[in-house]
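Engineer: My questions concern the predicted model and sequence given below.
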Amino acid sequence: MLTANEIRDSFVKFFESKGHQIVPSAPMVIKDDPTLMFTNAGMNQFKDIILGNHPAKNKRVTDSQKCLRVSGKHNDLEEVGHDTYHHTMFEMLGNWSFGDYFKKEAISWAWEFLVDVLKIDPTHLYATVFEGSKEEGLERDNEAASYWEQFMPADHIINGNKKDNFWEMGDTGPCGPCSEIHIDLRPEEERKKVSGRELVNKDHPQVIEIWNLVFMQYNRKADGSLEGLPAKVIDTGMGFERLCMAMQGKRSNYDTDVFQPIIKVIGNLAGVTYGKDEKIDVAMRVIADHIRTISFSITDGQLPSNAKAGYVIRRILRRAVRYAYTFLGQKQAFMFKLVPILIENMGGAYPELKAQQTLIEKVIKEEEESFLRTLETGIRLLDKTMTETKAAGKTEISGVDVFTLYDTFGFPFDLTELILRENGMTADVKGFEAEMQKQKNRARNAAAVETGDWVTLKEGETTFVGYDYTEYETSILRYRQVKQKNQTLYQIVLSETPFYAESGGQVGDTGVLVNEFETIEIIDTKKENNLPIHIAKKLPEHMEAPMMACVDTDKRNACAANHSCTHLLDEALRQVLGTHVEQKGSLVTPDSLRFDFSHFQKVTPEQLREVELLVNAKIRENVPLTEYRNLPIEKAKELGAIALFGEKYGDEVRVVQFGSSIEFCGGTHVSATGKIGMVKILSESSVAAGVRRIEAVTGAKVEELFNMIQDTVSDLKALFNNAPDLKVAINKYIDENVGLKKQVEEFMKEKEASVKAKLIETAKEVNGVKVVKAVLPMPAEAVKNIAFQLKGEFPENLFVVIGSVYENKPLLTVTMSEDLVKNNGLNAGQLVREAAKLIQGGGGGQAHFATAGGKNSDGLSAAVDKIVELANL
């Protein structure tokens, strides 16, 4: 039986024998494509080639690509763990042809690999072909069907509809028919009873799709019409985990050696056995799947957070923690302990896992502990909501309350349902779903984008000249209109551009396009599928006239200074903190820089000062820039250039060097370090477990900062009568303030004692209960002290209600002895809530002590009387 690693290896070597170049997997996390957060298909890294933005270096390629599908169109998250074949992270085995071979070779090689190489029984295989579409004016894919007929009987070739057998990249762009290969893994006796043909695409767990051959031959335009693609593309994707299930004779992906080693460790840690209890099995599958996703995401540079891709990863991690908490009884962090077995299993194919092991473990452990605290908070809040609901005579929690727990506190809906069921209560599911739908609508409306078709003025590719020029004569190749949030913008592609497009943490250039007739402002430059896009609020009237592209050099130079400074900062941090420091992210703008790096404790002020001194020393040295363009990647590594985990590099790279600082980098930089001027670190903080963040400014912004500090010091000196030693003067005032504060506290204690004595003196006896009531002009803390002192002196038969006003804010305070709570059934919280209406406020508390604030001081006396009346002593 082949192992998973052997199956993966056999695939890429087979296609290598067919003239394909083996390429490495792209990172699972996508950083420079605004249309995607994660790689969700093998073709993602080739989008710029498929779209015609860049020529293919190799006409035939093959790889095993790590993918993630949890959000948007491919949302499989809630399926994961409950069936045998859905996953969040999965590997996609693929082969591609860019304008080379097409359907005949794709089909015959697929058959050859499955039947001749892997020895899969051909009678267990079925193929689907596109049945055609009348509304699209498309015929059945008879060409693909004819090739399949050479390998399998006609009754194993099945027509498929547009949903299953017509692949589209998005609402617009390349598309075409596809042919899916399905395998029937059922036992022989079941196959005799029902033909596999009847179960294809029917969600049967043992009759599954394993390979999709996509024949891209059309381009979908914005108006929905189709046009032929000039260069046809083959894009195939085979689910690695499903193939392993078929090859290893298993009935579930989770029974293969891809997942079983992880599941066994989960069982050992939790003291459970896989295969004994379905709920426990689901939890183990969820955790085994999710630990892969989380670990690979962190490796590729995406940490859990509350925004965008980081939020997706946090959601996956919390789903796993929730299953461990609910079904495996794991109340402490334990998922981080699964990282070693994952690396043992997959580290050979993906060595970046081993290199990042310490970071992965620390981030997961901290996230687990944080969410476990959230679960405890959520349970307390839910307990409070259940108590209040029961007190109101109801058994159903409102959808709004359930949604608040979910949305604000991160408390899972299904866990809420479980706890409610255990307490004989229910949740308003429809109300919850309505709130969820409102949130989705808000998000959808905020993100809705209408993108028009590209209007091509001339053919060609963009050449970036921005390393050498900030002004350059150019012409418009194509443009399109984009509408979002009631704003209309235009995306322009130029033949040559000096504009740097946002990537690598550096923001895009701004500037103007100028011709003899007009000036068009460029408000941003971004990359889409590796294509520089210039964003403008209007189009030139004379589209075909030659134009001068002019970058805003002030902003460019400030960005360059900040970007070069991040390189010097990286080197200085490694010198001061150690070589374990690795860049984990950055943001370079004209105003400031932000640098995230791996380090497992707070950087001390002394270390920060040392880092700052080292960088400023390098700036004063005025070290010139040494730049290597189109350098073979092996040569770059020989130079000692630092690469970033989670970045995909080509065969040739750009390397930026300032003396001993050598890094892979595509950004813009100063010609010598002296042009940075100076750096000043503003802050150092934690981003996630094992990841720290430094924020800093350079050049003119440092001057602005120093001027602001100098002005502040001058203003402070003026406040202290221009004392020659400001520190001594401030300390003197602090000491004097401490002394005065003590005097005030002593005075307040005396006053509290005096007021308390007066209250005892004026108290009334009502049916054996000492009733203290008053309206006082005192702070809340003083009133609370008096109330507790009275309760201490009179442990039985005491009822106190005090109305107080301080700084025009009314407050009701109620306390009573424990015997009145037990014997008379009184509740201070309920009393104060009812009376608070008279001061236009609200509040609550415990049965023996409660307070309520309000807005209307005039109603205070009436509120005090109301409480005494309600107590009915």
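Structural biologist: Yep, it's here.
Engineer: per-residue confidence averaged over the strand or helix carrying residue 215?
Structural biologist: In this structure, residue 215 is located in strand 207-220 according to DSSP states H and E. In this model, strand 207-220 carries a mean pLDDT of 93.
Engineer: For that strand, what is the distance to the chain centroid?
Structural biologist: 29 Å (Cα atoms, centre = their mean, to the nearest Å).
Engineer: That strand packs against which elements?
Structural biologist: Using 3 or more Cβ pairs under 8 Å, 6 or more residues apart in numbering; DSSP states H and E, the elements in contact with strand 207-220 are helix 103-111, strand 166-168, strand 173-184, strand 226-239, helix 240-247. Yep, even glycine has a C-beta here, placed from its N, CA and C like the rest.
Engineer: Would you mind pulling the contact partners of the second one?
Structural biologist: For strand 166-168, contacts defined as Cβ atoms under 8 Å, 6 or more residues apart in numbering pick out 130, 133, 138, 175-178, 212, 214, 216, 220, 235.
Engineer: make it 6 Å
Structural biologist: Counting by Cβ atoms under 6 Å, 6 or more residues apart in numbering, strand 166-168 makes contact with 130, 175, 177-178, 214, all of which sit outside it.
Engineer: And for stretch 647-666?
Structural biologist: Contacts with stretch 647-666, where a contact means Cβ under 6 Å, 6+ apart, come from 26-27, 504, 567-568, 571, 623, 626, 628-633, 636, 639-643, 669, 673.
Engineer: would residue 345 count as being in a strand?
Structural biologist: No. Looking at residue 345 with DSSP: H, G, I helix; E, B strand; the rest coil, it is helix, so not inside a strand.
Engineer: which parts of stretch 793-808 are buried?
Structural biologist: 794, 797-805 (16 or more other Cβ atoms under 10 Å).
Engineer: Now residue 660. Its backbone dihedrals?
Structural biologist: Per-residue torsions, residue 660: phi -80, psi -10 (degrees, to the nearest 10).
Engineer: next one: residue 640
Structural biologist: Dihedral angles of residue 640 (phi, psi; degrees, to the nearest 10) stand at phi 90, psi 20.
Engineer: Contacts for the helix or strand where residue 421 lies next, please.
Structural biologist: In the assignment (DSSP H and E), residue 421 maps to helix 413-422. For helix 413-422, the surrounding residues in contact (Cβ under 6 Å, 6+ apart) are 382, 402, 406, 426-427.
Engineer: Quick check: mean pLDDT of that helix?
Structural biologist: Helix 413-422 shows a mean pLDDT of 84 in the predicted model.
Engineer: With only the CA atoms kept, save it in PDB.
Structural biologist: Listed in PDB are the C-alpha atoms of helix 413-422, where the atom choice follows Å, rounded to 0.1, in the frame of the first residue of the first chain:
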ATOM      1  CA  PHE A 413     -24.600  29.400  18.700                       C
ATOM      2  CA  ASP A 414     -24.600  25.600  18.900                       C
ATOM      3  CA  LEU A 415     -23.000  25.700  22.400                       C
ATOM      4  CA  THR A 416     -25.600  28.200  23.500                       C
ATOM      5  CA  GLU A 417     -28.300  25.700  22.300                       C
ATOM      6  CA  LEU A 418     -26.600  22.800  24.100                       C
ATOM      7  CA  ILE A 419     -26.500  24.700  27.400                       C
ATOM      8  CA  LEU A 420     -30.100  25.900  27.000                       C
ATOM      9  CA  ARG A 421     -31.300  22.400  26.300                       C
ATOM     10  CA  GLU A 422     -29.600  21.100  29.500                       C
END
